[in-house]
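Peer 1: what follows is a predicted protein model with its sequence.
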Amino acid sequence: MATKDDGSVVVELATSHPGFADAVYRQRRNAIAALALGHTPGDPIPTAEYTDEEHQVWALVTKELAVKHRKYAVREFLDATGRLGLPQDRIPQLQEVGDLLEPLTGFRYLPAAGLVPLREFYGVLADGLFHSTQYIRHHSVPLYTPEPDVVHEVIGHANTLASPRFAALYRAAGRAARQVETDAALEFVSKVFWFTLEFGVMREDGEPRAYGAGILSSYGEIEEFRGMDIRPLDLAAMGTTHYDITKYQEVLFEAASFDHLEDTVGAFWDTCDDDTVARLLAASSV
Ligand SMILES: [Fe+2]
């Protein structure tokens with residue numbers, strides 16, 4: 001993403017991006033990124049303009065994912081989804097998402113033009129704020145996106161954030177990001193987040209179910225995760241395992257129960273500092 005001399009914003013898309021050759025889509029992406037850059041926290045979030053085709057993408061993905069969720073998502077997520085009540089036939093504005101969430105768990109959304117620096121992204125989770133992209137994937141491939149779009153941010157994360165238990169874990173991750181000072185410790189904290197709140201799996205009724213927003217918002221990955229290399233929760237392993245965001249996650253970590261997730265990962269985030277992380281890093285390298 002780049003801001004030009006005249007103040008206009010240009011979002012870079014790879015040549016392989018489904019919207020690369022669509023000038024109208026690219027113009028909308030630029031306009032939506034500019035909205036986020038111009039937003040001041042505390043002000044209402046500017047309204048993003050979506051086309052009818054884009055609303056139809058949302059409706060289709062919502063319908064298809066709901067079927068998968070009933071099959072593969074943890075109960076806590078399904079219950080939270082019911083309480084949040086996102087619109088099913090149109091893309092909600094981020095302002096509206098915050099209005100639905102706040103009475104449930106206190107969380108609100110902030111618009112993000114692009115990648116937010118780790119310390120900022122995680123840090124404000126402690127304040128009940130979630131940075132979110134506002135654009136939606138290209139309508140030519142409704143069930144695929146090469147980057148996190150509003151489907152991921154809202155269907156994946158907002159539904160999870162509607163659960164008080166999950167919201168408490170997000171806040172704990174935010175506090176952890178503020179407790180650590182070194183970049184190495186921050187990266188460790190963010191990797192534990194990646195392997196839990198983005199791609200976490202939990203044992204329920206004797207089988208692995210998904211609670212990570214990355215799995216729950218991916219039409220393809222949610223069908224595949226049970227065939228991956230699923231390992232028990234392990235802080236040192238999660239904090240050091242390499243991942244590639246452009247591919248399905250091949251290694252996943254499974255909590256034995258919600259209590260297990262809270263007692264292990266929640267407790268780690270609640271208490272960690274640079275020394276805790278240094279000890280885990282040292283233990284994982286022997
Ligand atoms: Fe995410």
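Peer 2: On my side now, so go ahead.
Peer 1: drop to CA atoms for contacts and neighbour counts, all remaining ones
Peer 2: OK.
Peer 1: and the gap between E54 and T105?
Peer 2: 29 Å (CA to CA, to the nearest Å).
Peer 1: who has more neighbours, those two?
Peer 2: E54 (20 against 17; other CA atoms under 10 Å).
Peer 1: next, the contact list for the more buried one, please.
Peer 2: 91, 136, 138-139 (CA atoms under 8 Å, 6 or more residues apart in numbering).
Peer 1: report the buried members of these.
Peer 2: 91, 136, 138-139 (16 or more other CA atoms under 10 Å).
Peer 1: and the strands in the protein?
Peer 2: Ranges of strands within the chain are 2-3, 9-10, 108-111, 129-132, 201-204, 207-210, 229-232, 251-255, based on DSSP state E.
Peer 1: report all helices and strands that the fourth one contacts.
Peer 2: Read that as strand 129-132. strand 108-111 (3 or more CA pairs under 8 Å, 6 or more residues apart in numbering; DSSP states H and E).
Peer 1: among the contacts of E54, name the ones in helices.
Peer 2: Members of those lying in helices (criterion: DSSP state H): none.
Peer 1: need the residues you listed in CSV (columns: pLDDT and distance to L101).
Peer 2: Below are those laid out as CSV (pLDDT from 0 to 100; distance: CA to CA, whole Å):
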residue, pLDDT, distance to L101
I91, 98, 16
I136, 97, 20
H138, 95, 27
H139, 94, 27
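Peer 1: quick check, pLDDT for the nearest residue to A162 once chain neighbours are set aside.
Peer 2: In this structure, A162 finds its nearest non-sequential neighbour in A80, 5.2 Å apart by CA to CA, 6 or more residues apart in numbering. As predicted, A80 sits at a pLDDT of 98.
Peer 1: from A282, how far off is the closest residue to I32 other than its chain neighbours?
Peer 2: Nearest non-adjacent residue to I32, counting by CA to CA, 6+ apart: A48, 6.1 Å away. Noted for A48: a distance of 47 Å to A282, by CA to CA.
Peer 1: looking at the two, which has the bigger crowd around it?
Peer 2: Per other CA under 10 Å, whichever of A48 and A282 has more neighbours is A48, with 18 against 11.
Peer 1: and the more buried one, how far from A158?
Peer 2: 18 Å.
Peer 1: R108 contacts E96, doesn't it?
Peer 2: No: R108 is not in contact with E96 according to CA atoms under 8 Å; the separation is 9.4 Å.
Peer 1: okay, those two: which has more neighbours?
Peer 2: R108 (23 against 17).
Peer 1: who's in contact with the more buried one?
Peer 2: 95, 97-99, 101-102, 128-130.
Peer 1: now it: closest residue in space that isn't a chain neighbour?
Peer 2: G98 (4.2 Å).
Peer 1: pLDDT value on the one you found, please?
Peer 2: 97.
Peer 1: count of neighbours near it?
Peer 2: 20.
Peer 1: how about F199?
Peer 2: 23.
Peer 1: pretty sure L94 is touching F107, no?
Peer 2: No: between L94 and F107 there is no contact, the gap being 11.6 Å when judged by CA under 8 Å.
Peer 1: so G212 touches E198, yeah?
Peer 2: Yes: look at G212 against E198 with CA under 8 Å: they come within range, at 4.1 Å.
Peer 1: these two: which is more packed in?
Peer 2: G212 (24 against 20).
Peer 1: how close does R178 get to D205?
Peer 2: With CA to CA as the criterion, R178 and D205 are 36 Å apart.
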